[in-house]
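> Sequence plus the predicted model coming up.
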Amino acid sequence: MTFNELATKHRLGLLRFLMWKTKGDKSLSEDLCQITLVRAHGAYAELNDKEAFPAWLKKIATNAFLNHVERNKALFSLTTATEKDLIDNDEVGPDIRIIMRERREELMDLVYALPDQQRKAMALRLFEGMSFKEIAEALNAPFDTAKANYRHGMLKIEAIMAKRRGGAAA
């Protein structure tokens, strides 16, 4: 079978698997399903045992899910202790989730407003979950430069967020 035939045949099962992983978040599951299929398509030629396709696809999906979890941990590391306590609480209501989503969107806006090299380093670290070594390779830059660009971007974002909090409190 071709990749497209296999992907079509196993897409619904993959989506169910991801719905279970994401505790019923349909939108996230669909996003992760798409990411999984794109990654699988790129590596399909290397799969020797086509019978193992469903298990192989679930492994890719699991890695995509874990990458998502790690990215969100990085995003939430910028929140205050009180907000972090709320995120870790299983009884958080939809209103708090909306607030947290807005904070993530605010962070994304701030990252994308940074100078080019800082923006790239920050986006790769926060949104793609890359290590500094991987960022350095992706940007064709020295390891220390990748770390410095990330750090300078983080300092700028922290300063802007502190100024906003100070301005809101005044």
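Perfect, I can see it now. Residues are numbered from 1 along each chain as shown.
> Does G24 fall in a helix, a strand, or a coil region?
The three-state label given to G24 by DSSP: H, G, I helix; E, B strand; the rest coil is coil.
> From H68, how far off is it?
Distance check for G24 against H68: by CB to CB, to the nearest Å, it reads 15 Å. The C-beta positions use only the backbone N, C-alpha and C, and glycine is treated the same way.
> which of these two has more neighbours?
Between G24 and H68, counting by other CB atoms under 10 Å, H68 is the more crowded of the two (18 against 9).
> Need the three-state assignment for that one.
Secondary structure, three-state DSSP: H68 is helix.
> how much space between it and T145?
27 Å.
> next one: T2
Distance of T2 to T145, given as CB to CB: 43 Å.
> Compare those two (neighbour count), which wins?
T145 (15 against 9).
> Following the helix or strand hosting L107 in sequence, what is the next regular element?
For L107, the element it lies in under DSSP states H and E is helix 94-112. Helices and strands here follow DSSP H and E; after helix 94-112, the next one along the chain is helix 116-126.
> Send me that next one as PDB with only the CA atoms.
Output in PDB follows, covering the C-alpha atoms of helix 116-126 (Å, rounded to 0.1, in the frame of the first residue of the first chain):
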ATOM      1  CA  ASP A 116      15.300  38.200  14.000                       C
ATOM      2  CA  GLN A 117      17.900  36.000  15.700                       C
ATOM      3  CA  GLN A 118      16.400  36.300  19.200                       C
ATOM      4  CA  ARG A 119      12.900  35.600  17.700                       C
ATOM      5  CA  LYS A 120      14.200  32.400  16.000                       C
ATOM      6  CA  ALA A 121      16.000  31.200  19.100                       C
ATOM      7  CA  MET A 122      13.100  31.900  21.300                       C
ATOM      8  CA  ALA A 123      10.500  30.300  19.000                       C
ATOM      9  CA  LEU A 124      12.600  27.200  18.400                       C
ATOM     10  CA  ARG A 125      13.100  26.700  22.200                       C
ATOM     11  CA  LEU A 126       9.600  27.600  23.400                       C
END
